[in-house]
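Asks: I'll drop the sequence and a predicted model, then ask my questions.
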2 protein chains.
Amino acid sequence: MNESASPTRTVFFVSDGTGITAGTLGHSLLAQFSGARFNSRNMPFVDTLDKARDCMRQIRETAQGTDSRSRPIVFSTLVNPETAAALRDVAGHALLFDLFEHFIDPLEQELGQPFTHTVGCFHGNAESSNYKKRIEAMNFAMSHDDGISSAVDLNDADVILVGVSRSGKTPTSIYLAMQFGVKAANYPLIPEDFERNKLPGELHKHRAKLFGLSIAPERLTQLRQERRPNSHYANLENCRYEVEAAQKLMRRENIRWLDSTTKSIEEISATIMQTVHIEPAY
Amino acid sequence: MNESASPTRTVFFVSDGTGITAGTLGHSLLAQFSGARFNSRNMPFVDTLDKARDCMRQIRETAQGTDSRSRPIVFSTLVNPETAAALRDVAGHALLFDLFEHFIDPLEQELGQPFTHTVGCFHGNAESSNYKKRIEAMNFAMSHDDGISSAVDLNDADVILVGVSRSGKTPTSIYLAMQFGVKAANYPLIPEDFERNKLPGELHKHRAKLFGLSIAPERLTQLRQERRPNSHYANLENCRYEVEAAQKLMRRENIRWLDSTTKSIEEISATIMQTVHIEPAY
């Protein structure tokens, strides 16, 4: 793709709140145009007419520095009717997408209620019970990392992640908490468990909540080298042994598991939620 | 709002990938209808015609159990043309929103490129450099929590959060990493720093990256009681002293800060990104 075919576009994400909804949908759409190059500019908290005007000034300035083939693109989730109307004035300088506009009318009709123009992403309201649930789940994940969970706490967990050290349990449990309000405990499978060939601790009491993470030994040895270079722990042969033994144990105990090697924490988390039948706390 | 005016709606989020984009935009829209009640059903990884048909069967079954005033609502980000077309058959049973449809044509025209129908949220591709940056930032946040950062590591940080213990530094730094790929180190302000009345360690070398979190003493004492009940650490008078001394220090050192008491980690993070001038690594 040469320069003239694909100039870099500046993309503005404009929101009354954090800009997370605008960023999420906007980037998902832009990811569908792999030949194009983008510069992101997040414009959060545009909650007054003055801020909307300042935002428009920045968009116009960016537009003036480019030719018409590379005018800025603007994704907006403004819900305040006045600031949203003001932003429409950028139409001569930029391609503007109002991400809510198309959906409001049909939703108002369907629900028989007016749109309330409430500022703020559903995830960003610190007073909501769902927000409190997410923070509580996050504290749970961080204090129940690596098998320090007591039996009582395992009762509280929505899901218990098992797997060898560095198979991806910690980032997954934190993501589950932060995104979905799911309480995930971690429980490492260690060589002693393979020798005894049984599940550690009280895990057998919580079968329905267990989910295993496996990983390719070649990837595991890299991750462990970063933590403890040249150790037996990080050695490829040892990684092969642990991964194989863990998979054998999980199969025998009928624990559902997936290979995390090429999966993102988003993909791993969505699979866990689907498998263990947990719905997000939104 | 009485029962008959507002039946509980089942809302399906259908995606070829994780369902995170559908969930984010869908819930942001639904949050605008505060009188309505919703049940969420996430349907991720609908990446074959068979899975699309199974998904439609579940939507139809849900519809059959309700009257027409409370038919299901479906938010879809299916990018595969075949499964997206198949899903349109639910239109008789549910209100269907295709979240990409409205935006694809104008974007194709603007960018002069076809939509690539790539499955997967921009955030969910484990092979992308941005994903690797997010995971690296997360490991950074978790290994640089609570002032254990060495001077060298502070050079690597995009932002350094300062504040008294339990003012919200840890969840904020993890959110910054996970959502935006931002490397955030934490540095607690402790009573010894207030007695010396100067910034601890090497912080003065990193002024441009410092951001402070403060918190209401009444909230701080609650949070600290959970960690160490009936301690001097958690005592309200001590919390008042620490918060006031930290604010004095931050003002004197010209550190930008905010009060985290009633703010969500999303709001805190968006404010930090805006203040310290960091753009997200998408």
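Replies: Nice, I can see it.

Asks: going by C-alpha atoms from here, please, whenever you check contacts or count neighbours.
Replies: Will do.

Asks: let's see the pLDDT reported for A:F122.
Replies: pLDDT, A:F122: 58.

Asks: again with A:A5
Replies: 58.

Asks: what helix or strand is the nearest residue to A:S231 once chain neighbours are set aside on?
Replies: Spatially, and ignoring its direct neighbours in sequence, A:S231 is nearest to A:Q225 (7.5 Å; CA to CA, 6 or more residues apart in numbering or on different chains). Using DSSP states H and E, A:Q225 falls within helix A:217-227.

Asks: show me where the stretch 101-250 of chain A has strands.
Replies: With strands called from DSSP state E, counting those that start in this stretch, the stretch 101-250 of chain A shows them at A:159-163, A:184-188, A:210-214.

Asks: which residues touch the first one?
Replies: Residues from elsewhere that reach strand A:159-163 (CA atoms under 8 Å, 6 or more residues apart in numbering or on different chains): A:154, A:169, A:173, A:182-189, A:209-214, A:246, A:276.

Asks: again with the last one
Replies: For strand A:210-214, the external contacting residues (CA under 8 Å, 6+ apart) are A:159-164, A:167-169, A:203, A:243, A:246-247, A:250, A:255-261, A:272, A:276.

Asks: can we see that at 7 Å?
Replies: Identification of contacts with strand A:210-214 by CA atoms under 7 Å, 6 or more residues apart in numbering or on different chains yields A:159-163, A:167-168, A:243, A:255-260.

Asks: out of those, flag the one nearest to A:D50.
Replies: Nearest to A:D50 among the contacts of strand A:210-214 is A:G168, at 45.7 Å by CA to CA.

Asks: which residues touch that closest one?
Replies: Here A:G168 is in contact with A:L213, A:S260 (criterion: CA under 7 Å, 6+ apart).

Asks: so of the contacts of strand A:210-214, which two are at opposite extremes in space?
Replies: Pairwise distances across these (CA to CA) peak at 21.1 Å, for the pair A:V159 and A:V243.

Asks: show me which of these two is the more surrounded one.
Replies: A:V159 (26 against 22; other CA atoms under 10 Å in any protein chain shown).

Asks: and the more buried one, what are its bridge partners?
Replies: Assessed by DSSP bridges, A:V159 has beta-bridge partners A:A184.

Asks: okay, now A:G65: neighbour count?
Replies: 10.

Asks: okay, it: pLDDT?
Replies: With respect to pLDDT, A:G65 scores 86.

Asks: of the contacts of strand A:159-163, buried ones?
Replies: A:154, A:169, A:173, A:182-189, A:209-214, A:246 (16 or more other CA atoms under 10 Å in any protein chain shown).

Asks: which residues of chain A lie near chain B?
Replies: A:18, A:21, A:24-25, A:27-28, A:31-33, A:40-42, A:44, A:113, A:115-118, A:121-122, A:124-126, A:262-264, A:266-267, A:270, A:279 (CA under 7 Å from any CA of the partner chain).

Asks: quick one: contacts for whichever residue of the stretch 1-150 of chain A sits closest to chain B?
Replies: Using CA to the nearest CA, A:A126 is the residue of the stretch 1-150 of chain A that sits closest to chain B, at 4.5 Å. Residues in contact with A:A126 (CA under 7 Å, 6+ apart) are B:T262, B:K263, B:S264.

Asks: these: which ones sit near chain A?
Replies: Restricting the contacts of A:A126 to those near chain A - CA under 7 Å from any CA - leaves B:T262, B:K263, B:S264.

Asks: the strand or helix carrying A:E267 vs strand A:210-214, what angle?
Replies: Per DSSP H and E, A:E267 falls inside helix A:265-275. Calculated by axes from the mean of the first three to the mean of the last three CA atoms, to 10 degrees, helix A:265-275 forms an angle of 150 degrees with strand A:210-214.

Asks: next, the angle from helix A:265-275 to strand A:159-163.
Replies: Calculated by the same axes, to 10 degrees, helix A:265-275 forms an angle of 120 degrees with strand A:159-163.

Asks: just the endpoints, please. Distance across stretch A:159-167?
Replies: End-to-end distance for stretch A:159-167: 16 Å, by CA to CA, to the nearest Å.

Asks: starting at the chain centroid, how far to that stretch?
Replies: Put simply, stretch A:159-167 sits 19 Å off its chain's centre (CA atoms, centre = their mean, to the nearest Å).

Asks: what is the mean pLDDT for it?
Replies: 95.

Asks: swap in stretch A:238-254?
Replies: Rounded mean pLDDT across stretch A:238-254 is 96.

Asks: got it, and stretch A:126-140?
Replies: 85.

Asks: could you dump it to CSV, C-alpha only?
Replies: The C-alpha trace of stretch A:126-140 is given here as CSV (Å, rounded to 0.1, in the frame of the first residue of the first chain):
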residue,chain,number,x,y,z
ALA,A,126,-18.9,4.4,40.2
GLU,A,127,-22.2,4.4,42.2
SER,A,128,-23.8,1.5,40.4
SER,A,129,-24.1,-2.0,42.0
ASN,A,130,-22.5,-3.5,38.9
TYR,A,131,-19.4,-1.2,39.3
LYS,A,132,-19.1,-2.2,42.9
LYS,A,133,-19.3,-5.9,41.9
ARG,A,134,-16.5,-5.4,39.4
ILE,A,135,-14.2,-3.7,41.9
GLU,A,136,-15.0,-6.4,44.5
ALA,A,137,-14.2,-9.1,41.9
MET,A,138,-10.9,-7.3,41.1
ASN,A,139,-9.9,-7.3,44.8
PHE,A,140,-10.9,-10.9,45.0
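
Asks: residues of that stretch that come out buried?
Replies: By 16+ other CA under 10 Å, the buried positions in stretch A:126-140 come out as A:A126, A:N130, A:Y131, A:K133, A:R134, A:I135, A:E136, A:A137, A:M138, A:N139, A:F140.

Asks: do stretch A:75-95 as well
Replies: Neighbour-count burial for stretch A:75-95 flags A:75-80, A:83-84, A:87, A:90, A:93-95 (criterion: 16+ other CA under 10 Å).

Asks: ditto for stretch A:154-170
Replies: For stretch A:154-170, by 16+ other CA under 10 Å, it's A:154, A:157-170.

Asks: and that stretch, end to end?
Replies: Start-to-end, stretch A:154-170 (CA to CA) is 16 Å.

Asks: same check on stretch A:221-241?
Replies: 11 Å.

Asks: stretch A:83-102 now?
Replies: Stretch A:83-102 has an end-to-end distance of 17 Å (CA to CA).

Asks: for the record, mean pLDDT for it?
Replies: Averaged across stretch A:83-102, the pLDDT comes to 91.

Asks: brilliant, that's me finished.
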